[in-house]
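fold the stuff below for me.
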Amino acid sequence: MTMRQKKKKRIEMAAVILIILAAVLFSAWYALRHENEDLTEENLLTEAQLAGMLQLNGISLERVPDSDSVYQSSYYEQLTIEAGGERVSPVLFRSPDLSEDDFYYLFYVLSDYSSGFVQEDLMSGSEDTGAFFCPVIYGKNISVIFSCRQENGEEEDTGKDERDAQLRRAFSLNERIESAILLNALGGEVREFSGSSDHWSLTLPLSYYSGKYQAGRLESESIYASGVLEFQYRDGSPNNAGVQSVTVEESVLSSEDGFRFVEIRPDIYTETGGDLRIDYYLSAYDVTILLEDGTRESVRLEEI
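Numbering: from 1, shown residues only. Below is the predicted model of the structure:
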């Protein structure tokens, strides 16, 4: 082998080594970057961590600058609430995918696991703010809430269709945010249950998280659970008015008069009366459907 051939071979080997090294470094960087998606081992979270994790999960939220006039508005002043013995104000975020200026995501960040109190306090005073609040998720020391201007029935219908479309997009985004935070920040889980009766097929996906936090003598607990019951009529599509309410066994905390329904497909119904709250997972759930003619159907939901 000539000197030129040896030199050429050394160059080729060096090039191969560089390629392998670059691949290893990229893999390490990629793994480190995506490791940051998982915040489940973090006891206390920041809004920057949440926004970064959501970004890595394909959800882009932009922090509203502190200089924005909204922070000096009476609306923002009313967003300060009492939770776990401390007064806390939210950091505001917007989604670039939503064009409405009054659509905000409120990030409440607490010093302990009292985030469940945020929604209770905020919702109790919602009439004073003139805003509509839609809880997205809470857990550990954070609570995320979607907010927009409260619609007035006397307002003109100009642009109403576009706003309704934007609201539907916002609610879809809320679901994505809930799922990302539940799985990647809280370490929660989702289980799916199903069952059927003579006329109905039911599906119930349940999201659940439970955690405890202790710092010195302070110990606090955070529990989050939610679900949406979907009902499909097996023999066609009855009138929506035929379903009056639904009750779930006592282990589930529900409204006194059960769940009201809204038609989302000719043959599908979903509860809209608030989140389905549970204390813990059961192996099965017994559901009773009450129809307006007074008849009842019982369905036992079991995990799929």
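
burial count for the residue nearest to Ala180 when sequence neighbours are not counted?
Among residues not flanking Ala180 along the chain, Asn57 sits closest, at 4.4 Å (CB to CB, 6 or more residues apart in numbering). Just so you know, the C-beta spots here come from the backbone N, C-alpha and C atoms, and that holds for glycine as well. Neighbourhood size, Asn57 [other CB atoms under 10 Å]: 17.

name every strand pairing with the host helix or strand of Leu106 and say which way it goes.
In the assignment (DSSP states H and E), Leu106 maps to strand 104-109. When pairing is defined by DSSP bridges, strand 104-109 lines up against strand 91-94 (antiparallel), strand 142-149 (antiparallel).

circling back to that earlier point, okay, the residue nearest to Ala180: pLDDT?
Model confidence at Asn57, given as pLDDT, is 93.

so it makes contact with Asn184?
Yes. Asn57 is within contact range of Asn184, at 6.6 Å (criterion: CB atoms under 8 Å).

scan this structure for its longest strand.
Ordering each strand of the chain by length in residues (DSSP state E) puts strand 200-215 first.

got the angle between the very next helix or strand once past that strand and strand 200-215?
Counting by DSSP H and E, the element after strand 200-215 in chain order, helix or strand, is strand 218-227. Strand 218-227 and strand 200-215 meet at an angle of 170 degrees, taking axes from the mean of the first three to the mean of the last three CA atoms, to 10 degrees as the criterion.

which secondary structure elements does strand 218-227 contact?
helix 116-124, strand 131-139, strand 200-215, strand 277-278 (3 or more CB pairs under 8 Å, 6 or more residues apart in numbering; DSSP states H and E).

show the low-confidence segments of the stretch 201-304 of the chain, by residue range.
Applying pLDDT under 70 to the stretch 201-304 of the chain flags the ranges 235-245, 249-280.

go again with 50.
Scanning the stretch 201-304 of the chain for pLDDT under 50 picks out the ranges 239-241, 251-275.

and the stretch 1-150 of the chain, by the same measure?
In the stretch 1-150 of the chain, residues with pLDDT under 50: 22-36.

would you mind giving the strands paired with strand 104-109 as CSV with distance to Ser201 and mean neighbour count added?
Below are those laid out as CSV (distance: least, CB to CB, whole Å; neighbours: other CB atoms under 10 Å):
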stretch, distance to Ser201, mean neighbour count
strand 91-94, 38, 20
strand 142-149, 31, 23
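
can I get those in a markdown table including distance to Pro135?
Putting the strands paired with strand 104-109 into a markdown table (distance: least, CB to CB, whole Å) gives the following:
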| stretch | distance to Pro135 |
| --- | --- |
| strand 91-94 | 15 |
| strand 142-149 | 5 |
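
for Ser172, find the nearest of those.
Closest approach to Ser172 among these is made by strand 142-149 (11.3 Å; CB to CB).

after that closest one, heading C-terminal, what element do we hit next?
Per DSSP H and E, the first helix or strand lying C-terminal to strand 142-149 is helix 160-184.

in that next one, what counts as buried?
Buried positions in helix 160-184, judged by neighbour count with 16 or more other CB atoms under 10 Å: 163, 166-167, 169-170, 173-174, 177-184.

and that helix, what does it pack onto?
helix 47-56, strand 131-139, strand 142-149, strand 189-196, strand 200-215.

in TSV: the ones you listed, plus distance to Glu297.
Compiled in TSV, these are given as follows (distance: least, CB to CB, whole Å):
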stretch	distance to Glu297
helix 47-56	40
strand 131-139	30
strand 142-149	34
strand 189-196	10
strand 200-215	6
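
what about Tyr113, distance to Gly84?
Distance, Tyr113 to Gly84, using CB to CB, to the nearest Å: 8 Å.

more neighbours, the two?
Each of Tyr113 and Gly84 has its neighbours counted (other CB under 10 Å); Tyr113 has more, 25 against 17.

need the three-state assignment for that one.
Under DSSP: H, G, I helix; E, B strand; the rest coil, Tyr113 falls in the coil class.

surely it meets Glu221?
Yes. Using CB under 8 Å, Tyr113 is in contact with Glu221, at 6.0 Å.
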